[in-house]
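Asker: Quick one, fold the following:
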Amino acid sequence: MSNDTRELPAAPASVNRFLGGSPIAVAFRLILLSILVGVVLAAIGFDPYNIIRSIQLLFQRVWDLGFDAVNWLWRYFLLGAVIVIPVWLISRMFGATRGR
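Answerer: So this is what the prediction gives:
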């Protein structure tokens, strides 16, 4: 008889690995980050209803303006990419060195 037992990873370890830490610590960080981003957006003049309305206006403008809206979208894409791409790149660089 062969004793074929396999080691399965514990569920909490896989959850911690997926989340990047313990669920409580990750939730706490996400809550703090959400509050910080909310404060910044409120300082700029946004609120949740304003964001939803902005998305509605985006689709309305794309429909109404056609190719002129592509230029409008391109400007917002470039504006957002100035922040998003470097943050993503830095997070990937630090993540790659930590994973080794």
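
Asker: Let me know the secondary structure of Gly21.
Answerer: Taking DSSP: H, G, I helix; E, B strand; the rest coil as the rule, one finds Gly21 in the coil state.

Asker: How about the contacts made by it?
Answerer: Contact partners of Gly21, counting by Cβ atoms under 8 Å, 6 or more residues apart in numbering, are Arg29. The C-beta positions use only the backbone N, C-alpha and C, and glycine is treated the same way.

Asker: Next: the one 5 residues further on.
Answerer: For Val26, the contacting residues are Leu19, Gly20, by Cβ under 8 Å, 6+ apart.

Asker: and it, what element?
Answerer: Counting by DSSP states H and E, the element that carries Val26 is helix 23-44.

Asker: so after that helix, what's the next helix or strand?
Answerer: Sequence order places helix 48-65 as the next helix or strand after helix 23-44, per DSSP H and E.

Asker: Just give me how far that following helix sits from the chain centre.
Answerer: Chain-centre distance of helix 48-65: 21 Å, with Cα atoms, centre = their mean, to the nearest Å.
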